[in-house]
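>>> next input, structure requested:
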Amino acid sequence: MGEPENFIGRIKELEFLYNWADNIRKKISRSIAFLGRRKIGKSLILERLYNIIYSEQKGLIPFYYEFSEGMRTGKEFFEDFVCRFYLQAAGYYTRDSSLNRRAVDLQSKVDFLLLLSQFETIDFPHKNKIISDLNDCIHMLKRNKSPYEYVIAATATPRGFATTPGVEEKIVQMIDEFQYLNMYIDAGVEDKPCKAYMSTAEMKVSPLIITGSLMGVVSEELMRWLPHRFDEFIVPKMDEQESIHMTMNYGKIYSHSITPETASYIVHITNNVPGRIIDMLSPKFGKTLISNDAEADQALEYEVAKGTIKRDWNEYLFLAMKAVNHINMRRMTWFLCRHEGQWYYPRDIKNALSLELDDDKLREELELLHKYDLIEERDGRYGGVFDRTLKKC
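Numbers count the residues shown, from 1 in each chain. Next up, the predicted model:
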């Protein structure tokens, strides 16, 4: 997964996750939620962990699955999830990493018949078990079960394989963008399909590490629908020196002429957030190459005006405003993020922006913005998130 040579830093986080994964072989690891705000580098850390586990081949099968936006039926999710799991299992056994790359690529088409046809031509351990399971899945698709039953069957597949007699390998499940499970998988009468993990999350032969770009949403869903199933860990900002090293590395990759001093400035204006550093350095038509601080400012202006950073924030606001569509939510977000580092009681925000909202409605909207990771909350006061790029908006 990904390009290993591009991964810089995060030594402490990787050591923690590597030890967690290694303890799965002893069946003593619990499922964990690895939570952090947008662009903090969660997916990159998972990619690196995946590559390490795959390359070591010490009896741990890495399985990565990313929930995506866009509605899908329980049946569609069932076929997609199971196929991508068995592709990665086959890739582990055969050492054919192209199977793994295909499995983690959301643009790659997968289905049961395609997998059966491909697996018939190659040999690997437990092939008969996997082919038998795929045939059973095809028969299950033909039956009109409730959508939620397909979700349960899909999420139970990794643990089912790991508990098969004769299978000695354990499964490391890495589930990304977990919040989209409830948002976009149609499970029929069950509107919280994440409940399918209630018992699966406790299995010591196939525990999960879940992440999500909506930290507040994921944390709330775990508390309400999967209580005591996951230990939560917060991903911190990147170490400053690691961030500078990363900036120099990506600057070279993208043909910038960045000095250590300019790299330090880029790290400052992005607040050590890896994804924001990459946003600034990624080449786009009409965007200047960076060789000094002034050109770094120009690149940032491009991103917040019409680039990835602008799209990111509009997307997060859209998700929050789907729940409560109110123009004041955008105004409050910009106000607090421009004044990042300062904390305001609701009445202070109301006065500063001359909002015509009653106090209950104001608190409701502020809590929603906090849930969707657009603002911070501390002891009843609210402040901007640590994304310093918004100061340029």
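
>>> tell me which element residue 180 is part of?
Assessed by DSSP states H and E, residue 180 sits inside helix 179-184.

>>> who's in contact with that helix?
Helix 179-184 has contacts (CB atoms under 8 Å, 6 or more residues apart in numbering) with 67-72, 191-194, 212-214, 217-218, 221. Bear in mind the C-beta positions are built from the backbone N, C-alpha and C, glycine included.

>>> where helices are concerned, which of the residues you listed count?
217, 218, 221 (DSSP state H).

>>> show me what the helix or strand where residue 369 lies is packed up against.
Residue 369 is part of helix 359-371, with elements assigned from DSSP H and E. Under the contact criterion of 3 or more CB pairs under 8 Å, 6 or more residues apart in numbering; DSSP states H and E, helix 359-371 touches helix 215-225, helix 308-323, helix 327-338, helix 346-353, strand 375-378, strand 381-384.

>>> what angle separates it from helix 308-323?
Using axes from the mean of the first three to the mean of the last three CA atoms, to 10 degrees, the direction of helix 359-371 lies 140 degrees away from that of helix 308-323.

>>> for helix 359-371, the averaged confidence score.
Here helix 359-371 scores 87 as its mean pLDDT.

>>> how close does residue 288 get to residue 211?
To residue 211, residue 288 is 33 Å away according to CB to CB, to the nearest Å.

>>> specify which residue of those two has the higher count of neighbours.
Ranked by neighbour count (other CB atoms under 10 Å), residue 288 and residue 211 place residue 211 first, with 24 against 16.

>>> circling back to that earlier point, what's in contact with the helix or strand following the helix holding residue 180?
Going down the chain from helix 179-184, the next helix or strand is strand 185-186, by DSSP H and E. With contacts defined as CB under 8 Å, 6+ apart, strand 185-186 is touched by 67, 71, 72, 73, 74, 77, 147, 151, 193.

>>> I'd say the fifth one and residue 147 touch.
Put plainly, it is residue 74. Yes: shown here, residue 74 and residue 147 form a contact pair, counting by CB atoms under 8 Å, at 3.1 Å.

>>> in the protein, which spans are strands?
Ranges of strands in the chain, per DSSP state E, are 32-35, 60-66, 72-73, 170-176, 185-186, 208-210, 231-234, 375-378, 381-384.

>>> thinking again about what came up before, list residues touching both of residue 74 and residue 147?
With CB under 8 Å, 6+ apart as the test, residue 74 and residue 147 both reach 186, 187, 188.
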